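Student: pasting the sequence and the predicted coordinates here, then a few questions.
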Amino acid sequence: MSAPSPLYARTWRAIRRVGDGWNRLGEQTQFYAKTIGSTGDALVNYRVELLRAIAQMSLGTGALILIGGSVVIVGLLALIGATITGQQGFATLQGVGIEALLGFLGSYLNVRIVAPLQATVALSATIGAGATAQLGAMRINEEIDALEVIGVRSVAYLASSRVLAGVVVVIPLYCVAVLMAFLGIRMVASFESLSSGVYDHYFRTFLNPAELVWSLLIVIMTGTVVMLIHTYYGYNATGGPAGVGEAVGRAVRASLIVAIFVIMLATFAIYGHGGNFHLSGG
């Protein structure tokens with residue numbers, strides 16, 4: 001029997017890679033559906049684990065309690081990001097003589113773009129990565145198998161509880177992020193000697209309270225997606241300690257890419273292409 005030609009072998013490998021990709025996508029979809037479907041079980045039967053996960057994700061454990069854990073990280077990230085955005089925005093606006101519109105940037109960009117992105121990135125890089133590492137270590141040490149043996153529903157106990165905890169924690173984290181983002185651009189206005197009355201006028205003119213609610217809903221959506229992806233990669237980690245590290249990296253990469261697409265699509269669906277604002281009264 002003759003050996004297959006190189007072209008046939010390459011074609012077969014390409015077909016198998018496509019098939020393996022679809023199989024992995026199906027496995028992930030099945031895991032996400034099972035995790036979301038088990039949230040009620042986690043709320044009813046695993047409340048202690050849920051509360052422990054919320055406490056660990058918000059304030060941290062051990063030495064992290066002294067600095068506030070994720071709350072401080074998100075606050076500093078939002079403050080620094082908004083300060084840089086405000087500084088660059090002021091320089092750009094000053095170049096065309098409309099630096100008074102810095103208040104517009106503070107109310108419009110922070111609510112629609114800056115704060116949701118910063119909260120999502122912080123959630124993925126801190127809470128999500130921690131959940132992946134923790135679940136991955138449990139999988140490698142066969143602790144998840146031990147839970148199944150003693151009758152504990154591991155998906156509800158480990159994955160669903162952490163998804164719920166992430167959604168609960170992301171709400172105050174977003175509030176901290178948006179407040180610190182407002183403060184960051186307000187500080188830029190003070191440093192650049194921009195009149196506080198002018199800044200506050202444009203800030204309040206373009207700050208729509210309804211957009212804060214929509215922005216929070218977007219963050220909740222992205223937070224759910226981020227936690228689902230991180231719990232999947234941690235729950236199915238393989239390959240020892242090195243495999244756990246690889247799972248964390250893949251989870252962060254996948255969650256950030258998917259979350260950005262979710263934010264983009266949700267923004268288009270909510271605000272449309274017009275932006276719902278007018279810079280003049282004409």
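Tutor: Now that the structure is in, tell me what you want to look at.

Student: what about whichever helix or strand I73 is part of, average pLDDT?
Tutor: Following DSSP states H and E, one finds I73 within helix 70-95. Regarding helix 70-95, the rounded mean pLDDT is 82.

Student: so for it, what gets flagged as buried?
Tutor: 70-71, 73-75, 77-79, 81-83, 85-87, 89-90, 93 (16 or more other C-beta atoms under 10 Å). Bear in mind the C-beta positions are built from the backbone N, C-alpha and C, glycine included.

Student: residue boundaries of the helices in this structure?
Tutor: 6-37, 39-45, 47-59, 64-67, 70-95, 102-109, 115-122, 129-140, 143-149, 154, 161-191, 196-206, 209-235, 240-271 (DSSP state H).

Student: of those helices, which stretch is the most buried?
Tutor: Mean neighbours per residue, mean count of other C-beta atoms under 10 Å, is largest over the helices of the chain for helix 115-122, with a mean of 26.

Student: residue ranges in the protein under the pLDDT threshold?
Tutor: 1-5, 7-10, 12, 18-22, 58-69, 273-282 (pLDDT under 70).

Student: so for it, the centremost residue is which one?
Tutor: T120 (2.6 Å; C-alpha atoms, centre = their mean).

Student: that one and T222 touch, don't they?
Tutor: Yes. Counting by C-beta atoms under 8 Å, T120 does reach T222; the two are 4.7 Å apart.

Student: which neighbours do these two share?
Tutor: A259, I263 (C-beta atoms under 8 Å, 6 or more residues apart in numbering).

Student: what does stretch 254-269 rub up against?
Tutor: Residues contacting stretch 254-269 (C-beta under 8 Å, 6+ apart): 112-113, 116-117, 120-121, 124, 128, 217-218, 221-222, 225-226, 229-230, 233.

Student: could you redo the last one with a cut-off of 10 Å?
Tutor: The contact list for stretch 254-269 (C-beta atoms under 10 Å, 6 or more residues apart in numbering) reads 28, 112-113, 116-117, 120-121, 123-125, 128-129, 132, 214-215, 217-219, 221-230, 232-233.

Student: enumerate every residue touching the residue nearest to L135 when sequence neighbours are not counted.
Tutor: Taking C-beta to C-beta, 6 or more residues apart in numbering, and ignoring the residues beside it in sequence, L135 has G234 as its nearest neighbour in space, at 3.0 Å. Neighbouring residues of G234 by C-beta under 10 Å, 6+ apart: 128-139, 144, 158-159, 162, 244, 247-248, 251.

Student: export only the CA atoms of stretch 126-138, formatted as CSV.
Tutor: Provided in CSV are the C-alpha atoms of stretch 126-138 (Å, rounded to 0.1, in the frame of the first residue of the first chain):
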residue,chain,number,x,y,z
THR,A,126,-7.1,40.1,38.8
ILE,A,127,-10.3,38.2,39.7
GLY,A,128,-10.6,36.1,36.6
ALA,A,129,-7.0,35.1,36.5
GLY,A,130,-7.1,34.2,40.2
ALA,A,131,-10.2,32.0,39.6
THR,A,132,-8.5,30.2,36.7
ALA,A,133,-5.4,29.5,38.8
GLN,A,134,-7.4,28.3,41.8
LEU,A,135,-9.6,26.0,39.8
GLY,A,136,-6.6,24.8,37.7
ALA,A,137,-4.7,23.9,40.9
MET,A,138,-7.7,22.0,42.2
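
Student: just give me how far that stretch sits from the chain centre.
Tutor: 15 Å (C-alpha atoms, centre = their mean, to the nearest Å).

Student: also stretch 153-173?
Tutor: 13 Å.

Student: next one: stretch 250-258
Tutor: Using C-alpha atoms, centre = their mean, the offset of stretch 250-258 from its chain centre is 9 Å.

Student: tabulate the CA atom coordinates of it in PDB.
Tutor: Extracted in PDB, the C-alpha atoms of stretch 250-258 (Å, rounded to 0.1, in the frame of the first residue of the first chain):
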ATOM      1  CA  ARG A 250      -5.300  31.600  27.400                       C
ATOM      2  CA  ALA A 251      -8.200  32.600  29.600                       C
ATOM      3  CA  VAL A 252      -7.000  36.200  29.900                       C
ATOM      4  CA  ARG A 253      -6.500  36.500  26.200                       C
ATOM      5  CA  ALA A 254      -9.800  34.900  25.300                       C
ATOM      6  CA  SER A 255     -11.800  36.900  27.900                       C
ATOM      7  CA  LEU A 256     -10.400  40.200  26.800                       C
ATOM      8  CA  ILE A 257     -11.000  39.600  23.100                       C
ATOM      9  CA  VAL A 258     -14.600  38.400  23.700                       C
END
